[in-house]
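Asks: Sharing a sequence plus its predicted fold:
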Amino acid sequence: MTDAWEMEEGPIAGDDLIAEIVNLYPEAADFLQSIGMHCVGCAAAHGETLFEACRVHGLSGAKVLRELNRILTE
């Protein structure tokens, strides 16, 4: 079964690694840090997907993904 976060449209997907997101879209780092995801600069960012990081931080993956894609496509 596909989760809702996997179906969001935009340049980022829930299974993208945090490090890849920040590398491709540096402006994403500011948003992620503003919601408490300071993992953008740590070693975990290279092996942790956006959805996994959201779960660890108690955040909704769907909401974070939707907001990131909104920011990046405006």
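Replies: Nice, thanks for sending it over. Numbering: from 1, shown residues only.
Asks: for the chain, which spans come out with low pLDDT?
Replies: 1-8 (pLDDT under 70).
Asks: Mind doing that once more with 90?
Replies: Low-confidence segments of the chain (pLDDT under 90): 1-10, 37-46, 74.
Asks: which residue is nearest the centroid of it?
Replies: Taking Cα atoms, centre = their mean as the criterion, residue 50 is the residue nearest the geometric centre of the chain, at 3.8 Å.
Asks: Isn't residue 22 up against residue 38?
Replies: No: counting by Cβ atoms under 8 Å, residue 22 sits too far from residue 38 to count as a contact (11.8 Å). For glycine as for every other residue, the C-beta is placed from the backbone atoms N, C-alpha and C.
Asks: So for the two, which residue has more residues nearby?
Replies: Between residue 22 and residue 38, counted using other Cβ atoms under 10 Å, residue 22 has the larger neighbour count: 19 against 12.
Asks: Next, the contact list for the more buried one, please.
Replies: 28, 29, 32, 40, 45 (Cβ atoms under 8 Å, 6 or more residues apart in numbering).
Asks: how far away is residue 60 from residue 24?
Replies: 22 Å (Cβ to Cβ, to the nearest Å).
Asks: in this structure, which spans are helices?
Replies: Shown for the chain, the helices assigned by DSSP state H span residues 4-7, 18-24, 27-34, 50-56, 61-73.
Asks: Keeping just the C-alphas, turn the longest one into CSV.
Replies: Going back to what we said before, that points to helix 61-73. This file holds the C-alpha atoms of helix 61-73, laid out as CSV (Å, rounded to 0.1, in the frame of the first residue of the first chain):
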residue,chain,number,x,y,z
GLY,A,61,6.0,13.2,6.6
ALA,A,62,3.1,14.2,4.3
LYS,A,63,2.9,17.8,5.7
VAL,A,64,6.7,18.3,5.6
LEU,A,65,6.9,16.9,2.0
ARG,A,66,4.0,19.1,0.8
GLU,A,67,5.5,22.2,2.4
LEU,A,68,9.0,21.5,1.0
ASN,A,69,7.6,20.9,-2.5
ARG,A,70,5.5,24.1,-2.2
ILE,A,71,8.6,26.1,-1.2
LEU,A,72,10.7,24.7,-4.0
THR,A,73,8.1,25.2,-6.8
